[in-house]
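Asks: sharing a sequence plus its predicted fold:
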Amino acid sequence: MYKLDILTINEDANFKFFTSWLKENYRPNYVGASFGFKVVLNFESEPTQSEKIDIINFYTSLTVNDVVPDLDILALYEQMKIDGKKYFFEAKAKYFGKKYKDGDLTDENIDYIYTRLERPERRLNHGDWMPALYYMQNKMGLITQDDIDNGYTQDIHDNIINDINEYLSQ
C-alpha cells in the first residue's frame with residue numbers, strides 16, 4: 001500500500017468530486033482517501049512521478065464550481081419536489097377550493113376529483129413533473145361525463161397539462 005500525502009489543503013475542493021475523479025482515472029490502483037490537516041491518498045502501488053504531479057496539480061486546481069454532477073441533479077430534483085407540492089396545492093385551491101367553499105362542489109365531488117388526480121399528484125409531490133405530464137396525457141384517459149358531473153372538466157385538465165408543460169419548458 002502506498003500513501004501519497006498532499007500537505008496543502010485546497011479549501012475549495014469538493015471531496016466527492018476529487019475522489020470520483022481519482023476512481024475514474026486511477027482504478028484499480030487508487031483505493032481511498034482521507035482528509036484532515038492534509039490529504040492522504042491510498043494506492044495499491046506507488047504511482048509514477050508524473051501521475052503524482054498530475055494528481056496534486058488536479059487537486060490544487062479545483063474550484064468551488066467543480067462538483068459531482070449528481071449533487072447538482074439531486075439539488076434540482078429537491079427543488080422540483082418543492083415546486084410540485086406547491087403547484088398541486090395551488091392548483092387544488094385555484095380549480096376546486098372556491099367552488100367547494102361556495103357549495104358548488106360537495107365532499108363527494110372533491111373526493112372523486114382528488115382520486116382522479118391521485119397519480120399525477122403523487123408524481124408531482126416527488127418532483128416527477130415529466131411522468132405526471134405523461135400520465136395525464138396518456139394514461140388518464142378521456143374526460144368522461146362522470147368527471148364533468150363531479151367538477152373535473154376538460155378545461156381544468158388542459159390547464160393542468162399546460163401548467164406542467166410551462167414548468168418543464170423553464
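Replies: Perfect, thanks for sending it. Everything numeric here is computed off the predicted structure, so don't read it as measured data.
Asks: check what pLDDT the residue sitting nearest the centre point of the chain gets.
Replies: For the chain, Tyr77 is the residue whose C-alpha lies nearest the centre (C-alpha atoms, centre = their mean; 1.5 Å). You'll see Tyr77 listed with a pLDDT of 83.
Asks: identify the residues contacting it.
Replies: Residues near Tyr77 by C-beta atoms under 8 Å, 6 or more residues apart in numbering: Gly127. For glycine as for every other residue, the C-beta is placed from the backbone atoms N, C-alpha and C.
Asks: shouldn't it be within a helix?
Replies: Yes: counting by DSSP: H, G, I helix; E, B strand; the rest coil, Tyr77 is located in a helix.
Asks: that one and His126: what is the separation?
Replies: Distance, Tyr77 to His126, using C-beta to C-beta, to the nearest Å: 9 Å.
Asks: ditto for Thr115
Replies: 18 Å.
Asks: what does the worst-scoring helix or strand of the chain on mean pLDDT contact?
Replies: One helix or strand of the chain scores below all others by mean pLDDT, DSSP states H and E: strand 30-35, with a mean of 80. The contact list for strand 30-35, computed with C-beta under 8 Å, 6+ apart, reads 1, 9, 15, 18-19, 22-23, 39-44.
Asks: and for the residue lying closest to Ile110 once chain neighbours are set aside, the neighbour number?
Replies: Excluding the flanking residues, the one nearest Ile110 by C-beta to C-beta, 6 or more residues apart in numbering is Tyr100, at 5.8 Å. By other C-beta atoms under 10 Å, 17 other residues sit near Tyr100.
Asks: element containing Tyr100, please.
Replies: Using DSSP states H and E, the element containing Tyr100 is helix 98-101.
Asks: helix or strand next in line after that helix, which one?
Replies: Per DSSP H and E, helix 98-101 leads on to helix 107-116 as the next helix or strand towards the C-terminus.
Asks: which other residues reach that following helix?
Replies: If you take C-beta under 8 Å, 6+ apart as the criterion, helix 107-116 is touched by Lys92, Phe96, Tyr100, Leu105, Glu121, Met140, Asp146, Asp147, Asn150, Gly151, Tyr152.
Asks: hmm, back to that, which among the contacts of strand 30-35 end up buried?
Replies: Buried members of those, scored by 16 or more other C-beta atoms under 10 Å, are Phe18, Thr19, Leu22, Val39, Leu41, Phe43.
Asks: between these, which is nearest Gln49?
Replies: Nearest to Gln49 out of those is Phe43 (C-beta to C-beta; 13.3 Å).
Asks: what's near enough to touch that closest one?
Replies: By C-beta under 8 Å, 6+ apart, Phe43 lies in contact with Met1, Tyr2, Lys3, Leu4, Tyr26, Asn29, Tyr30, Val31.
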